[in-house]
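**Q** give me a 3D structure for the following:
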Amino acid sequence: MAFAQNKVTLCWPNLIDKCTLTSAATYTRPLNRLQRRVLKDRAITTDTTFDFTATLDTSRPVAVAGLLSHNLSVTAQWRIRLYDDADELLEDSGLIDVWPSVFQSAELAWEDDNFWEGKPSEEDRARFTPQAIWFAETAWFAAKALIDISDDDNADGYIQIGRAFLSDVFQPEYNISYGVRWGHADPSEIDRVPDGTEYFNKLPKARECSMVFDWLNEAEAFGRLFRLQRDVGITDEIIFSQQLNQDIIFLQRTMLCRLGQIDPVTHPDAARYTNALSLTEIL
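**A** Numbering: from 1, shown residues only. The predicted model follows:
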């Protein structure tokens, strides 16, 4: 069944750690950095050629692919292909843009190069979390994924990626309730000296999101969200997207994250189960 484009989507567990990674590219820091949780510990190529094959230990449901903490330029493209254990192609994304549109034309000056498409400029990249996330049309029982990157305009002269992500996805039958909350946690430190002067230690801001599932059935409540709590706790990775539509706010409302806290599954009446979810971005 094809995924709904207007529903929240939760993706776990990350299968990349169960994969064998191979690549024809050459690296100054090895490809296996994609299998480490620290996003700043990146795989780095010697040039702008980057491709790799992730072969799973056994066929598993795969419906999302992600590249996190990358330095890919605003003109970069990538391609994802999923194969079964007979090496039959399941789905091919074709070449797609790493960076989606992020600005409305009303936000930009007529003279801006990105006025019509709303793509970020190279200067704008620092304003957004560097992430490339692709959702398949449906979940496939896949044995391997091939990922190719094209980024000839990369000013760094090399490609670096901190983490890769492959997993199944979950969408509820009924979407989250109205009242979803988005914000930023700012851990920056401020010191004030006796004369009143303030000094700032600016630290990266992480997105936070909270929501409530008010209309879960029993299978969703205990077969999915209750199990999510045990599977990932407050430490393991999730990819969350509020909706899959590739509009100008897709990048802002899609993130690699973890549970900020674990809230109980409740059964308020015979018709439904509920669960609140709080998420904190992983940087």
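
**Q** tally of neighbours for D84?
**A** D84: 14 surrounding residues under other C-beta atoms under 10 Å. Every residue, glycine included, has its C-beta placed from N, CA and C.

**Q** so, low pLDDT: which residues of the stretch 51-200 of the chain?
**A** 102-120 (pLDDT under 70).

**Q** which residues in it form helices?
**A** Using DSSP state H, counting those that start in this stretch, no helices are found in the stretch 51-200 of the chain.

**Q** ok, which stretches of it are strands?
**A** Ranges of strands within the stretch 51-200 of the chain are 77-83, 89-92, 96-97, 131-150, 160-161, 163-167, 169-170, 181-185, 189-192, 198-201, based on DSSP state E, counting those that start in this stretch.

**Q** host element of the nearest residue to A221 once chain neighbours are set aside?
**A** Computed as C-beta to C-beta, 6 or more residues apart in numbering, the closest residue to A221 that is not its neighbour in sequence is Y273, at 3.5 Å. Per DSSP states H and E: Y273 is located in strand 272-281.

**Q** same thing with L228?
**A** Since the elements are taken from DSSP H and E, L228 ends up inside helix 226-232.

**Q** now do that helix: distance to the chain's middle.
**A** 19 Å (C-alpha atoms, centre = their mean, to the nearest Å).

**Q** same check, this time on stretch 57-76
**A** 8 Å.

**Q** buried residues, it. List them.
**A** 60, 62-74, 76 (16 or more other C-beta atoms under 10 Å).

**Q** what's the answer for stretch 174-193, then?
**A** So for stretch 174-193, counting by 16+ other C-beta under 10 Å, buried means 175-176.

**Q** what does it contact?
**A** 6-8, 198-216, 242, 253, 280 (C-beta atoms under 8 Å, 6 or more residues apart in numbering).

**Q** endpoints of that stretch, how far apart?
**A** By C-alpha to C-alpha, to the nearest Å, the extent of stretch 174-193 from end to end equals 53 Å.

**Q** now do stretch 13-30
**A** Span of stretch 13-30 from end to end, C-alpha to C-alpha: 23 Å.

**Q** quick revisit: could I get the strands of the stretch 51-200 of the chain in a markdown table, plus columns for distance to T26?
**A** Shown next, in a markdown table, are the strands of the stretch 51-200 of the chain (distance: least, C-beta to C-beta, whole Å):
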| stretch | distance to T26 |
| --- | --- |
| strand 77-83 | 19 |
| strand 89-92 | 26 |
| strand 96-97 | 25 |
| strand 131-150 | 14 |
| strand 160-161 | 13 |
| strand 163-167 | 18 |
| strand 169-170 | 33 |
| strand 181-185 | 38 |
| strand 189-192 | 40 |
| strand 198-201 | 38 |
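
**Q** make sure R224 is indeed in a helix.
**A** Yes - assignment of R224 by DSSP: H, G, I helix; E, B strand; the rest coil places it within a helix.

**Q** isn't it up against F170?
**A** Yes - assessed by C-beta atoms under 8 Å, R224 is found in contact with F170 at 5.3 Å.

**Q** so which of the strands of the stretch 51-200 of the chain is nearest N32?
**A** Distance to N32, taken as C-beta to C-beta, is lowest for strand 163-167 among the strands of the stretch 51-200 of the chain, at 10.4 Å.
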